[in-house]
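S.K.: sharing a model prediction with you, sequence too.
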Amino acid sequence: MSHVIHDERLAATIDAVTRFADRGPTAQIRPVPHSTLSAALWQHTSKLRRFGGHKRHILAISLRGNARVEQIVDGRSVWRGSAVGSAVLIREGEDTDWLIDGPIETLHVYLDLDELPDSEIVPHLNRPFRDPILSQLAHAAALAAREGASASGYVEQLLKALQQRLVDFHFCPETASKEKHGPGLSGAARLRVEALVRERLMGPVTARELADIARLSLGHFNRAFRQTFGTSPHQYVINQRITHASSLLEDTDLAISEVARLSGFTSCSYFGAQFRRATGMSPGEYRRRA
């Protein structure tokens, strides 16, 4: 009887994703024997839409495409970045709003888990996150799905490995604490923070988002960040944007207003003030001397 219930939950989830994607899955991996663990491949195009009505926990991993994705909560953008390589955990029955600005292929893994850790315990899972091992496993599972493989043998092991990686590395608060050595950020946390800042150079990025991806409380993160980089998260982001702007001024003939926009500054005047503060000269002067 429980197997029928789980099948109904999976069918409802497939229907929910079909409504969101405006099309059915391009390939599916049926449930693993004696389990409800399964997967499907989906193609998405540009849209601004709420996703809901699903009855299973979903681990969605973006595989290929050129889309940027934005997560919206209460009408406010809380995450924006390149979709490819990112993963997101979508909890059963939890509605989420997404803006997708191009084509993207995703693998959905329908988890064989009844309970997930509270979002306050694993705050980095409230937003899209990056895990290269999950990404590699997802690409292998997607290839198997495209070839019509069933959830047996190595495919079963791939799906189980995807779920186990999520549980072992992302569900346990102890994992994050083990990464921490000394007063600053761990090497892994620093790489994640640097990658997110690069990815979001043209858009907003907050200290809270950086703390989440570093898997630290905000207060702990701010202290560790200053120990590592010698400045605040806000000033670090500005410094990275100034560095990017300097390269554009040296290597392109773009208008200064366009350089400002491509470097994440909301106005030319603010860009000019920050650039002068950092370099001692205006963007125009810097370009002439380059």
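M.R.: In hand now; what should we look at?

S.K.: for residue 28, which non-adjacent residue is closest in space?
M.R.: Counting by C-beta to C-beta, 6 or more residues apart in numbering, residue 28 lies nearest to residue 40, which is 4.5 Å off, once chain neighbours are set aside. No exception for glycine: its C-beta is placed from N, CA and C like everyone else's.

S.K.: what bridges to the one you found?
M.R.: For residue 40, the beta-bridge assignment (DSSP bridges) gives partners residue 28, residue 108.

S.K.: determine the number of other residues adjacent to it.
M.R.: Neighbour count for residue 40, taken as other C-beta atoms under 10 Å: 24.

S.K.: strands of the stretch 51-200 of the chain, start to end?
M.R.: 58-65, 68-73, 76-82, 86-90, 96-100, 104-110, 129-130 (DSSP state E, counting those that start in this stretch).

S.K.: before we move on, back to that, got the contact list for the residue nearest to residue 28?
M.R.: By C-beta atoms under 8 Å, 6 or more residues apart in numbering, the residues touching residue 40 are 14, 17, 25, 27, 28, 29, 107, 108, 110, 145.

S.K.: before we move on, back to that, and residue 222, which of the strands of the stretch 51-200 of the chain is closest to it?
M.R.: Comparison of the strands of the stretch 51-200 of the chain against residue 222 by C-beta to C-beta identifies strand 76-82 as nearest, at 19.0 Å.

S.K.: before we move on, back to that, want to throw the contacts of residue 40 into JSON lines with pLDDT?
M.R.: Compiled in JSON lines, those are given as follows (pLDDT from 0 to 100):
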{"residue": "14", "pLDDT": "96"}
{"residue": "17", "pLDDT": "97"}
{"residue": "25", "pLDDT": "97"}
{"residue": "27", "pLDDT": "95"}
{"residue": "28", "pLDDT": "93"}
{"residue": "29", "pLDDT": "93"}
{"residue": "107", "pLDDT": "97"}
{"residue": "108", "pLDDT": "98"}
{"residue": "110", "pLDDT": "97"}
{"residue": "145", "pLDDT": "92"}
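
S.K.: and the residue nearest to residue 28, how far is that from residue 190?
M.R.: Here residue 40 is placed at a distance of 35 Å from residue 190 (C-beta to C-beta, to the nearest Å).

S.K.: before we move on, what about residue 142?
M.R.: When C-beta to C-beta is the yardstick, residue 142 and residue 190 sit 30 Å from each other.

S.K.: would you map out the domains in the protein?
M.R.: By the assignment in automatic domain parsing, the chain contains the domains 2-171, 187-230, 234-289.

S.K.: state the mean pLDDT of the shortest one.
M.R.: The reference is to domain 187-230. Across domain 187-230, pLDDT averages out at 88.

S.K.: can you list contacts of stretch 231-249?
M.R.: For stretch 231-249, the external contacting residues (C-beta under 8 Å, 6+ apart) are 197-198, 201, 205, 207, 210, 221-222, 225-226, 229, 254, 256, 259-260, 262-265, 271, 274-275, 278-279, 283, 286-287, 290.

S.K.: got a quick ChimeraX command for the buried subset of these?
M.R.: To isolate the buried subset of the contacts of stretch 231-249 in ChimeraX, counting by 16 or more other C-beta atoms under 10 Å, use the following:
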select :197,201,205,207,210,221,222,225,226,229,256,259,260,262,263,264,265,271,274,275,278,279,283,286,287
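
S.K.: the nearest residue to residue 47 once chain neighbours are set aside pairs with what?
M.R.: With C-beta to C-beta, 6+ apart as the criterion, residue 47 has its nearest non-adjacent residue at 5.4 Å, and that residue is residue 100. On the basis of DSSP bridges, residue 100 is bridged to residue 47, residue 69.

S.K.: number of residues surrounding residue 169?
M.R.: Residue 169 sits with 13 neighbouring residues when counted by other C-beta under 10 Å.

S.K.: local confidence estimate at it?
M.R.: With respect to pLDDT, residue 169 scores 87.

S.K.: before we move on, the earlier item: can you put the contacts of residue 40 in CSV and add distance to residue 156 and neighbour count?
M.R.: Compiled in CSV, the contacts of residue 40 are given as follows (distance: C-beta to C-beta, whole Å; neighbours: other C-beta atoms under 10 Å):
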residue, distance to residue 156, neighbour count
14, 20, 21
17, 22, 23
25, 19, 18
27, 16, 17
28, 14, 20
29, 9, 27
107, 15, 27
108, 17, 23
110, 14, 28
145, 13, 22
